[in-house]
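# A predicted structure for the sequence below; I have some questions about it.
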Amino acid sequence: MRIRATVAAVSGALALSAFAMPAAQAAGGSSFGTDAAKLFAAAHPASGKTAFSATTAADGVPYAMDVTFSNLKIAKAVKVGTTAHVATSVTYTLTHAADVDITAADFFSGAYIYKGSYDNPSNFLIGDDPAKCTVTSATTASCKGNVDVYPGEGELSNSDAGLWHAGALAVAYNGQDPTGSDFDITKVGYADQSALGSTQVQRLSKLTVNAAPEPVKKGRTITVTGKLSRANWEDGKYHGYVGQPVKLQFRKKGSSTYTTLKTVKTSSTGTLKATTKATVDGYYRYSFAGTSTTPAVNATGDYVDVK
């Protein structure tokens, strides 16, 4: 779940709209991700002026809740294809003041990741549902949730691939109903902490191989072709990854270890072609080490019978 942070003119009304969370949750809806994203955007407009700076006395702002976060753990890389939903688990410790009731039905917390700077992020992803927090002491809890990604819904641009930072937030409504006529936003608590960790959001890669001819006579030339491609989040297809070094490897029949024969670069369309001499029966594959934007991948070995 995300909100792309193009919210240079976020108003106090948007901040208020983000506080519709408890009603939808109580009704069995799954609005946490949507509303938390709005809340984050309202607090981090591109202009640098937060929507929690009241435009009038009547607007009010939520109070800064005495909650902090630590020990956040997230996968080193989040590998995202073109259509499939990806859920990445995140764990963290929530520490709170004695007067903060994290077991209340209208208390919510969740981890998120953001691209760019915390004050002016270019993109933001959070879980569909709030994290589940288990009390571990009078003032601490162990929390676990997901960050959900839906590439088929336009949540990512190709430029989003690479380093993202992680943070966590919490909201306490303290019995306040945003849809009620007597809603008092100043009684709602909000906490948000950035730079708790990082991950690489990567464009999922694919790698193919075909060794021919097969079977082949010993000493003859084997031609090994293939293609390295990666997800394009903007058109929902896989395109060749150009100019990348890829290793041609061989595994002898009966062995479990691949040996590198040579390194070749992908063409302008991502294709690969290399030749080698047939010696013994075995498997040929291509192996790509990966980059910061694209994960490592190995092709499934193609067996060649040498006569």
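Structure received. Residues are numbered from 1 along each chain as shown.

# Report the buried residues of the lengthiest strand in the chain.
For the chain, the longest strand by residue count, based on DSSP state E, is strand 189-203. By 16 or more other Cβ atoms under 10 Å, the buried positions in strand 189-203 come out as 189-194, 196-197, 199-203. For the C-beta atoms, the positions are set from N, CA and C on the backbone; glycine is no exception.

# elements contacting the following helix or strand past that strand?
With elements assigned by DSSP states H and E, the helix or strand that comes after strand 189-203 is strand 205-212. When contacts are defined as 3 or more Cβ pairs under 8 Å, 6 or more residues apart in numbering; DSSP states H and E, strand 205-212 packs onto strand 221-232, strand 282-288, strand 297-298, strand 302-304.

# Give me the angle between strand 205-212 and strand 221-232.
Relative orientation of strand 205-212 versus strand 221-232 (axes from the mean of the first three to the mean of the last three Cα atoms, to 10 degrees): 160 degrees.

# mean confidence for strand 205-212?
Average pLDDT, strand 205-212: 98.

# Lys38: what secondary structure?
helix (DSSP: H, G, I helix; E, B strand; the rest coil).

# Please identify the most buried of the helices and strands packed on strand 205-212.
Mean neighbour count (mean count of other Cβ atoms under 10 Å) peaks for strand 282-288 among the helices and strands packed on strand 205-212, with a mean of 22.

# so what strands line up beside that strand?
strand 245-252 (antiparallel), strand 297-298 (antiparallel), strand 302-304 (antiparallel) (DSSP bridges).

# Tell me which of those strands sits nearest to Lys237.
With Cβ to Cβ, the closest approach to Lys237 among the strands paired with strand 282-288 belongs to strand 297-298: 17.1 Å.

# Out of the buried residues of strand 189-203, which is nearest to Asp35?
Among these, and counting by Cβ to Cβ, the member closest to Asp35 is Tyr190, at 12.1 Å.

# In contact with Gly290, which residues?
202, 205, 296-297 (Cβ atoms under 8 Å, 6 or more residues apart in numbering).

# on that earlier part again, which of the buried residues of strand 189-203 sits closest to Thr259?
Gln202 (27.2 Å).

# Let me know whether the closest one touches Val297 as I believe.
No - using Cβ atoms under 8 Å, Gln202 is not in contact with Val297, being 10.6 Å away.

# Okay, and the residue lying closest to Ala87 once chain neighbours are set aside sits in which element?
Among residues not flanking Ala87 along the chain, Asn146 sits closest, at 4.4 Å (Cβ to Cβ, 6 or more residues apart in numbering). Using DSSP H and E, Asn146 maps to strand 140-149.

# Give me the next element, helix or strand, following that strand.
Past strand 140-149, the next helix or strand by DSSP H and E is strand 162-172.

# Tell me which residues of that following strand come out buried.
Those would be 164-172, for strand 162-172 by 16+ other Cβ under 10 Å.

# which one of those residues sits closest to Gly240?
Trp164 (25.2 Å).

# what's the nearest residue to that closest one if we skip its chain neighbours?
Nearest to Trp164 is Ile113, by Cβ to Cβ, 6+ apart, at 4.4 Å.

# do you know which of the helices and strands packed on strand 205-212 lies nearest Ser256?
That would be strand 282-288 among these, by Cβ to Cβ, at 10.5 Å.

# what separates that closest one from the chain centre, distance-wise?
Computed by Cα atoms, centre = their mean, to the nearest Å, the chain-centroid distance of strand 282-288 equals 29 Å.
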